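K.L.:
no FASTA, just this:
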């Protein structure tokens, strides 16, 4: 009998290892593409100078992004000029309460689907409800039109997407590589193991 016929484990485990690595790469590509392509879905675009009424929730941190490249209602905006002097205010629609708005404490950027933006301001609201978000140049006079995008959780979604995709690729490649290496080592040992002599006939 050919000695190689009894080598264990089976070489089919190599196929399993390669399959795990392929699945890991596939999940990595899909997760990264899907997550990044939808990162701006929750953002509300506001052309400024101008205003918009937003429905906001308590307990969330809202970030205002200045979009240097954007499209709103079929119109292309490219903010290459400085928007110095642009002032933004947030007021509760119900009672006119002024919401404190400050410079963004974290630097978050995105560039996807023809839109690119960077975080500039952030604020919290005291309760669920409707709020008026308005921006203008005030005492600075006039200035160029620009697009601001308001929303929450963009930075968290980007980090979650990156983390999940990295876990997928390292997990798939890692487990697949381990299966292949262990299979190779065990098969080599099996091949080098002396074959037991056939028992002598009685």
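P.N.:
On my side now, so go ahead. Nothing here was measured: the structure is a model prediction, and the numbers come from that model.

K.L.:
What sits closest to residue 16 if chain neighbours are left out?
P.N.:
Nearest residue to residue 16 in three dimensions, chain neighbours excluded: residue 179, at 5.7 Å (C-beta to C-beta, 6 or more residues apart in numbering). For glycine as for every other residue, the C-beta is placed from the backbone atoms N, C-alpha and C.

K.L.:
Residue 21 too?
P.N.:
That would be residue 176: by C-beta to C-beta, 6+ apart, it lies 3.5 Å from residue 21.

K.L.:
Quickly note the distance from the one you found to residue 45.
P.N.:
Residue 176 is 43 Å from residue 45, where distance means C-beta to C-beta, to the nearest Å.

K.L.:
circling back to that earlier point, going by neighbour count, which residues of whichever strand or helix holds the residue nearest to residue 21 are buried?
P.N.:
Per DSSP states H and E: residue 176 is located in helix 154-192. Neighbour counts over helix 154-192 (16 or more other C-beta atoms under 10 Å) mark 154-155, 157-158, 161, 165, 168-169, 172-173, 175-176, 179-180, 183, 187 as buried.

K.L.:
same deal with stretch 142-156?
P.N.:
143, 146-152, 154-155.

K.L.:
swap in stretch 90-102?
P.N.:
90, 92, 99, 101.

K.L.:
measure residue 57 to residue 133 for me?
P.N.:
14 Å.

K.L.:
same question, residue 31
P.N.:
Counting by C-beta to C-beta - residue 31 and residue 133 are separated by 32 Å.

K.L.:
Spatially central residue for the chain, please.
P.N.:
The centroid of the chain falls nearest to residue 158 when counting by C-alpha atoms, centre = their mean (2.9 Å).

K.L.:
which residues touch that one?
P.N.:
35-36, 39, 108, 110 (C-beta atoms under 8 Å, 6 or more residues apart in numbering).

K.L.:
who has more neighbours, residue 57 and residue 133?
P.N.:
Higher neighbour count among residue 57 and residue 133: residue 133, with 24 against 11, using other C-beta atoms under 10 Å.

K.L.:
All set, thanks.
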